[in-house]
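>>> Just a sequence and a predicted model for now, questions to come.
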Amino acid sequence: MRIIAVMPDQQQASALIDSLHQIGLDRQDLIVSNIGEKPLPLPPEKAVQDVIWVQTETERLADLSSFAGSINGLEEEAGILIAVEIPKGEGDKVRALMKEAGAIRIIQD
């Protein structure tokens, strides 16, 4: 199960990340992405050197966007997105931490 929080600023996002670490979630369990910020355009050869891209048959490097751009309904949002993969039984605890840290919006998918 994945739960996604939209945090209004970096300070609150950092507080949420610290809280998630305290309950035993590692950095590899999290995705952190800016919302409302377009990724800087890079020449494909530079992008390939700096980042590992997961690409499907229909995607091209010219079609790159941030993780936040792949979540439906966040087009008008701004802030920092924090997504976490958790077992189903942990959902209530993680949602409570997100609310306590000041999440503007919480999405479960």
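Received, thanks.

>>> shaky segments in this protein?
36-70, 72-76 (pLDDT under 70).

>>> Q108 versus Q11, what's the distance?
Applying C-beta to C-beta, to the nearest Å, the value for Q11 to Q108 is 24 Å. Heads up, the C-betas are built off the backbone N, CA and C, glycines and all.

>>> With only the CA atoms kept, save the helix ranked longest in the chain in PDB.
Ranked by residue count, the top helix of the chain under DSSP state H comes out as helix 10-22. In PDB, the C-alpha atoms belonging to helix 10-22 read as follows (Å, rounded to 0.1, in the frame of the first residue of the first chain):
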ATOM      1  CA  GLN A  10      10.600  21.800   3.700                       C
ATOM      2  CA  GLN A  11      10.500  22.100   7.500                       C
ATOM      3  CA  GLN A  12       7.300  20.200   7.900                       C
ATOM      4  CA  ALA A  13       8.400  17.600   5.300                       C
ATOM      5  CA  SER A  14      11.600  17.100   7.300                       C
ATOM      6  CA  ALA A  15       9.600  16.600  10.500                       C
ATOM      7  CA  LEU A  16       7.500  14.000   8.800                       C
ATOM      8  CA  ILE A  17      10.500  12.100   7.400                       C
ATOM      9  CA  ASP A  18      12.000  12.100  10.900                       C
ATOM     10  CA  SER A  19       8.800  10.700  12.400                       C
ATOM     11  CA  LEU A  20       8.700   8.000   9.700                       C
ATOM     12  CA  HIS A  21      12.300   7.000  10.500                       C
ATOM     13  CA  GLN A  22      11.300   6.800  14.200                       C
END
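
>>> Following the chain onward from it, which element is next?
Of the helices and strands lying after helix 10-22 in sequence (DSSP states H and E), the nearest is strand 30-35.

>>> for that following strand, packing partners?
Here strand 30-35 touches helix 10-22, strand 79-85, going by 3 or more C-beta pairs under 8 Å, 6 or more residues apart in numbering; DSSP states H and E.

>>> among these, which is the most enclosed?
Across the helices and strands packed on strand 30-35, averaging neighbours per residue (mean count of other C-beta atoms under 10 Å) puts strand 79-85 on top, at a mean of 21.
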